[in-house]
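Undergrad: What follows is a predicted protein model with its sequence.
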Amino acid sequence: MPIGNEQRGCTIRLKVVPGSSRSAIAGWLGDRLKVRVASPPEAGKANAAVCRLLAGTLGVSPRQVTIITGETSPEKTVFVTGLSREQVAQRLPQ
């Protein structure tokens, strides 16, 4: 599973589709989690929507989800503070 384990959290590789009809986690696309967000890819709106969606799915605060690479790209890596790789894997759709 493409979820990296860190000491104080873990990383998740994403493929983001902004401007979708609704926000949802679409499932795994190869080694990335495909995430659709309704927000447009302008002024950070889609990035904020990604963080909110992942936070809600994982049961953490949106402040605990940070985009660490790919802020202007559809391929992103996020860091989730406070959850182990195993906890994230249990909470995400397989």
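TA: Received, thanks.

Undergrad: any idea of the mean pLDDT for stretch 21-35?
TA: What stretch 21-35 shows for mean pLDDT is 94.

Undergrad: ok, and what's touching it?
TA: 2, 12-17, 36-39, 49-50, 53-54, 57, 75, 92-94 (C-beta atoms under 8 Å, 6 or more residues apart in numbering). In short, each C-beta sits where N, CA and C put it, glycine included.

Undergrad: Please repeat the previous calculation with a cut-off of 6 Å.
TA: With C-beta atoms under 6 Å, 6 or more residues apart in numbering as the test, stretch 21-35 has contacts from 2, 12-16, 36-38, 49-50, 53, 57, 93.

Undergrad: can you give me the helices for this structure?
TA: Remark: helices assigned in the chain by DSSP state H are 45-58, 85-91.

Undergrad: of all those, which gets the most neighbours per residue?
TA: helix 45-58 (a mean of 19; mean count of other C-beta atoms under 10 Å).

Undergrad: May I have that one exported as CSV, CA atoms only?
TA: Provided in CSV are the C-alpha atoms of helix 45-58 (Å, rounded to 0.1, in the frame of the first residue of the first chain):
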residue,chain,number,x,y,z
LYS,A,45,-9.6,26.1,-2.9
ALA,A,46,-9.1,22.5,-4.2
ASN,A,47,-6.2,21.9,-1.9
ALA,A,48,-8.2,23.1,1.1
ALA,A,49,-11.1,20.8,0.0
VAL,A,50,-8.7,17.9,-0.3
CYS,A,51,-7.5,18.4,3.3
ARG,A,52,-11.1,18.7,4.6
LEU,A,53,-12.2,15.6,2.8
LEU,A,54,-9.3,13.5,4.0
ALA,A,55,-9.6,14.8,7.5
GLY,A,56,-13.3,13.9,7.6
THR,A,57,-12.6,10.4,6.2
LEU,A,58,-9.7,9.8,8.6
